[in-house]
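Asks: would you be able to build a 3D model of this:
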Amino acid sequence: MKRCSKHKVAIFVKSVILAFSFLIVICAHSFAQDVNGKNSIDEWKEYALLHVAQTGYLSGETIWFKVYVIQQETGRLSPLSKIAYVELVNKEGLSVLQQKIEIENGLGYGALTVPQNIVSGSYQIRCYVNVQKNAPEAIYSSSIHIFNLSLLPVSLNEKSQISVDLNRSIKGKEENNGGFSMTKMDGLLVSGLERSYGVREEVKVVFPSKSIGGQFSVAVFKKDEFESQAIDSIWIVPYAIGNTNLPIVSKKALNEYAGHLVTGTVMDKNTGKLLSGVRVNLIVDGERFFLGSVKSDQNGFLLFDIGKPYGANHLTVQIPEKRDSNAIVQLHNPFLTDTKHNSETKDFFSKEVKLALEERVINQNLQKAFSQQPSASYLLPHFNDSTLFYGKPDKTYYLDDYTRFNTMEEVLREYVTEVELRKQSQQYKFAVLDIPNKRSFDNNPLVLIDGVPTTDINKVVAFDPLKVKRMDIVARKYFMGDQSFDGIVSLITYNGDLGGFELDQQTIVVDYQGLSLIRQFEEIKYIKQVTNKSRLPDLRSLLYWKPLLELKKDNETTISFYTSDLVGDFVMVLKGIDENGNLVNQTHSFSVIH
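Replies: From the prediction side, this is the model:
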């Protein structure tokens, strides 16, 4: 009877496993076809649009922007891509500034600081998601104009003055690169905006409950001859919404639907031949370090999904197997590298633009000298899961909580009970406890120093334990892709910089820029009683920037901002996408008077 019961249980367990596996296959297949009937997520077509707060800048100023990622067929915000790329490109087609921006539910925003050493002239700012690199001719870009009093173009230095008309390029129709132009102004209602305001006065703008809902961004700035934001400005959309006659390209770049994709190629360092089947480890440093391990495919191609690392990082590339000593890895540039600046640029300015620039340069210098603005502040990324790639360890030792021994051997033998240190023929070996099976493993575990794997246990034992902040132990079998390890021993140093540990051969470290931290736009607010008492000048030309304005139908929404000491004409630009998938672009003007 017992054998029969066990047999029935075994059959039941197998049935459950098969049913669960079948369910997974169905779910995966459904997901692959769920996106509006697409056969796979790689066929999901998207494009990115950019709202730039202004289009005329001085060196040192900030370019505030918002990215909208739109699904091609529906025209609605796309939930797929998680990374967008923003570049400032000069007339030679070279990137001056680059950023990777996190995208959530089709939206992302950020800021670029115009370098102090940039040359005056016209530039292109462009944005795209990874899959758009397959058809670069359809990528959104628009012109912005930058003036640096210290670095004028050659043509200006020859004339020793600003004398040639730039207005035509500023106010002319933007280049659409064969795209589809679209302006939608219906449905978004605005009220409460007066014709004129005084200096340092609060401006309230109301979006009535009858207004259509959607996701929008708002910029308010002083309108002058250098600023190219025309009242009838339009967005340039790469394709007409619903158009299915898209360029046919061979699949190169993939959708980044989970995180940032790092790609590379493995080749023979002597012959340049592409190599398949070579194991490569990729490590992203930082507190939440990442380790990926893959083999190159038949074309020598490597693909890693490294998630969403923020800020400046280093990538450690490692070829762990000695038999691949002739192999080298070349990582690919994640930004576009083969496009040219295809719009006409003009380096000359008219007399009217010269006067506007003179005023802006003076105001910028005064604002710097008597700045009321605090230093730049950034939003720290929020992580739902703060654990490392191997999850929650079975045991964590913070070495400062114990007697600080001078050798790693003493540390391991005195209180790290999950790791048995063995020695044979002058070679050390780690035997990690297998908790589920209540025995010790026979083989060395995966050993990490700040996330970087090492197979030289002798060097680990010789490492200075006073540089180690903590030690994580995974005391069970660990599976990573097609590999399995007899546990994990992870040493984490105080600075996360390997603490001088000598890396194994065939390991290189390269600089790599992660996702940009989100800089916050600093608003100035005045209290009526003390406004007139302050003698500090307020010479802001950009009064307000709100990249995330969500409007809901039947809900009234109010935004407010304060004017500065500058008088003249101002414009409020609203861009976005409404709840029906229509692009919205509106401008509203008002004046500031004494």
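Asks: Ile283 against Gln318, yeah?
Replies: Yes - at 7.1 Å, Ile283 counts as touching Gln318 under the criterion of CB atoms under 8 Å. For every residue, glycine as well, the C-beta is placed using N, CA and C.
Asks: overlap of the contact sets of those two?
Replies: By the contact definition CB atoms under 8 Å, 6 or more residues apart in numbering, Ile283 and Gln318 are jointly contacted by 452-453.
Asks: compare those two (neighbour count), which wins?
Replies: Taking neighbours as other CB atoms under 10 Å, Ile283 and Gln318 compare with Ile283 leading, 26 against 22.
Asks: now that one. Its backbone dihedrals?
Replies: Here is the backbone geometry of Ile283 (degrees, to the nearest 10): phi -120, psi 130.
Asks: now for the nearest residue to it once chain neighbours are set aside, how many residues are close by?
Replies: Spatial nearest neighbour of Ile283, excluding adjacent residues (CB to CB, 6 or more residues apart in numbering): Thr316 at 4.1 Å. The number of residues packed near Thr316 is 22, by other CB under 10 Å.
Asks: ok, what's across the strand from Thr316?
Replies: Beta bridges link Thr316 to Ile283, Val509 when assigned by DSSP bridges.
Asks: same question for Phe485.
Replies: Phe485 forms beta bridges with Tyr478, as assigned by DSSP bridges.
Asks: one more: the one 4 residues further on?
Replies: Counting by DSSP bridges, Val489 is bridged to Val447, Ile473.
Asks: so what's Ser95 up against?
Replies: 87-89, 335 are the contacts of Ser95 under CB under 8 Å, 6+ apart.
Asks: repeat that for 10 Å
Replies: By CB atoms under 10 Å, 6 or more residues apart in numbering, the residues touching Ser95 are 85, 87-89, 124, 126, 333, 335-337, 339.
Asks: try Phe207
Replies: 188-192, 213, 216, 549, 551-552, 555-559, 574.
Asks: next one: the spatially most central residue of the chain from Pro547, what distance?
Replies: By CA atoms, centre = their mean, the chain has its centre lying nearest to Ile101, at 2.6 Å. Separation of Ile101 from Pro547 (CB to CB, to the nearest Å): 11 Å.
Asks: buried sites along the helix or strand Val592 falls within?
Replies: Val592 belongs to strand 583-593 when assigned by DSSP states H and E. Neighbour-count burial for strand 583-593, counted by 16 or more other CB atoms under 10 Å, picks out 583-587, 590, 592.
Asks: on that earlier part again, now do the residue nearest to Ile283, the pLDDT please.
Replies: Per-residue pLDDT puts Thr316 at 93.
Asks: equivalent analysis for Ile362, please.
Replies: Looking at Ile362, its pLDDT stands at 88.
Asks: enumerate every residue touching it.
Replies: By CB under 10 Å, 6+ apart, Ile362 lies in contact with Leu539.
Asks: that one - that's part of a helix, no?
Replies: Yes - with DSSP: H, G, I helix; E, B strand; the rest coil as the criterion, Ile362 is part of a helix.
Asks: need the three-state assignment for Asn495.
Replies: coil.
Asks: wait, isn't it in contact with Lys467?
Replies: Yes - the pair Asn495 / Lys467 is scored as a contact, 8.4 Å apart, by CB atoms under 10 Å.
Asks: burial measure for Leu151, as a count.
Replies: Per other CB under 10 Å, the neighbour tally for Leu151 reads 17.
Asks: let me know the pLDDT of it.
Replies: pLDDT recorded at Leu151 is 71.
Asks: just the one 3 residues further on next, same as before
Replies: Reading off the per-residue confidence, Val154 sits at a pLDDT of 45.
Asks: any idea how far the nearest residue to Gln364 once chain neighbours are set aside is from His51?
Replies: Closest residue to Gln364 apart from its sequence neighbours, by CB to CB, 6+ apart: Leu58 at 5.5 Å. For Leu58, the distance to His51 (CB to CB) stands at 20 Å.
Asks: between these two, which one's more packed in?
Replies: The residue with more neighbours, out of Leu58 and His51, is His51; 24 against 20, by other CB under 10 Å.
Asks: do I have it right that that one meets Val86?
Replies: No - between His51 and Val86 there is no contact under CB under 10 Å: 11.6 Å.
Asks: now list whatever residues contact both of the two.
Replies: Contacts common to His51 and Val86, judged by CB under 10 Å, 6+ apart, are 65, 67, 109, 127.
Asks: out of those residues, list just those in strands.
Replies: Counting by DSSP state E, the part of the shared contacts of His51 and Val86 found in strands is 65, 67, 109, 127.
Asks: let me see the confidence value for the second one.
Replies: The confidence metric pLDDT takes the value 97 at Val67.
Asks: so Gly277: helix, strand or coil?
Replies: Put simply, Gly277 is coil when judged by three-state DSSP.
Asks: next, it: phi, psi?
Replies: phi 70, psi 20.
Asks: do you know how far Arg470 is from Lys395?
Replies: Relative to Lys395, Arg470 is positioned 11 Å away (CB to CB).
Asks: just to revisit the earlier point, nearest to Ser350 among the shared contacts of His51 and Val86?
Replies: Phe65 (26.8 Å; CB to CB).
Asks: how many neighbouring residues does the nearest residue in space to that closest one that is not next to it in sequence have?
Replies: Using CB to CB, 6+ apart and skipping the chain neighbours, the partner closest in space to Phe65 is Val52 (4.9 Å). A count of nearby residues for Val52, using other CB under 10 Å, gives 22.
Asks: likewise Arg76?
Replies: The burial count assigned to Arg76 is 17, neighbours taken as other CB under 10 Å.
Asks: so which helix or strand takes in the closest residue to it other than its chain neighbours?
Replies: Spatially, and ignoring its direct neighbours in sequence, Arg76 is nearest to Gly581 (4.3 Å; CB to CB, 6+ apart). Remark: Gly581 resides in no helix or strand, with elements defined by DSSP H and E.
Asks: give the buried residues for stretch 111-129.
Replies: Of the residues in stretch 111-129, 111-112, 114, 118-129 count as buried by neighbour count, 16+ other CB under 10 Å.
Asks: now do the helices in this structure.
Replies: For the chain, the helices defined by DSSP state H occupy 2-34, 154-159, 167-171, 351-369, 408-414, 457-462, 528-531.
Asks: picking that back up, ok, which pair from the shared contacts of His51 and Val86 is furthest apart?
Replies: Farthest-apart pair in these is Tyr109 and Cys127; separation 11.1 Å (CB to CB).
Asks: what's the overlap in contacts for the two?
Replies: Residues touching both Tyr109 and Cys127 (CB under 10 Å, 6+ apart): 50-51, 65-68, 84, 86, 101.
Asks: reformat these as CSV; add distance to Pro453.
Replies: Shown next, in CSV, are the shared contacts of Tyr109 and Cys127 (distance: CB to CB, whole Å):
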residue, distance to Pro453
Leu50, 40
His51, 44
Phe65, 39
Lys66, 40
Val67, 36
Tyr68, 40
Ala84, 32
Val86, 34
Ile101, 31
